[in-house]
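Student: Just the structure for this:
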Amino acid sequence: MSVRSQVSDALRALLPANMRVIDVPRSLDGMEANRPVVLLYRDRLEKAPNAQGAYLSTISLWIITPKIDTIKGEDELDAALDIVVAALDTILWANWRTAERSIFGDAQAPAYRIDLQVATTKE
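Tutor: Residues are numbered from 1 along each chain as shown. The predicted structure is shown next:
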């Protein structure tokens, strides 16, 4: 099982049913945009600086809300961020530092991007 799959499985178990987890990089269609989406993919793999045979995977995690309306979109995005951060804080093997406000896709949907780091070892 890949690191990306492990993170997505952990989040699916922790997030409420009204949030969709997608674990491949792609655009979102209108049907998916009816509820908050957590989209994630492995963005980078590097050798860990302090251990032989250890790697650091960087997982890009996007929290995206379908509401383009400024006030409703920001309120929903803030609530989704709080839920995702609480879930991430229970995954002890994934480390994150900041959530950065952004926009996602051609529709410019309100979003946050979080870079997770996960340490793994060569099997």
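
Student: For stretch 36-52, list the C-alpha coordinates in CSV.
Tutor: What follows is stretch 36-52, C-alpha atoms only, in CSV (Å, rounded to 0.1, in the frame of the first residue of the first chain):
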residue,chain,number,x,y,z
PRO,A,36,-16.3,19.9,0.8
VAL,A,37,-13.5,17.8,-0.9
VAL,A,38,-10.2,16.7,0.4
LEU,A,39,-7.9,16.0,-2.5
LEU,A,40,-4.4,14.6,-1.9
TYR,A,41,-1.5,13.3,-3.9
ARG,A,42,2.2,12.6,-3.3
ASP,A,43,4.1,15.6,-4.5
ARG,A,44,7.6,14.8,-3.5
LEU,A,45,9.9,11.9,-2.3
GLU,A,46,13.3,12.7,-0.8
LYS,A,47,15.9,10.9,1.2
ALA,A,48,15.6,11.6,4.9
PRO,A,49,18.6,13.6,6.1
ASN,A,50,19.1,11.7,9.3
ALA,A,51,18.7,8.0,8.5
GLN,A,52,20.0,5.5,5.9
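
Student: Number the chain from 839, please
Tutor: Let's use 839 as the start, then, which means that last one is stretch 874-890.

Student: give the contact list for the spatially most central residue of the chain.
Tutor: Geometric centre of the chain, nearest residue: L899, 2.3 Å, by CA atoms, centre = their mean. Counting by CB atoms under 8 Å, 6 or more residues apart in numbering, L899 touches V845, V876, L877, L878, V922, W934, R951, I952, D953, L954. From N, CA and C alone the C-beta is placed, and that goes for glycine too.

Student: what are the pairing partners of the helix or strand it falls within, and which direction each?
Tutor: In the assignment (DSSP states H and E), L899 maps to strand 892-902. Strand pairing for strand 892-902, determined by DSSP bridges: strand 875-885 (antiparallel), strand 947-959 (antiparallel).

Student: so where is this protein shaky, pLDDT-wise?
Tutor: Scanning the chain for pLDDT under 70 picks out 867-871, 889, 907, 961.
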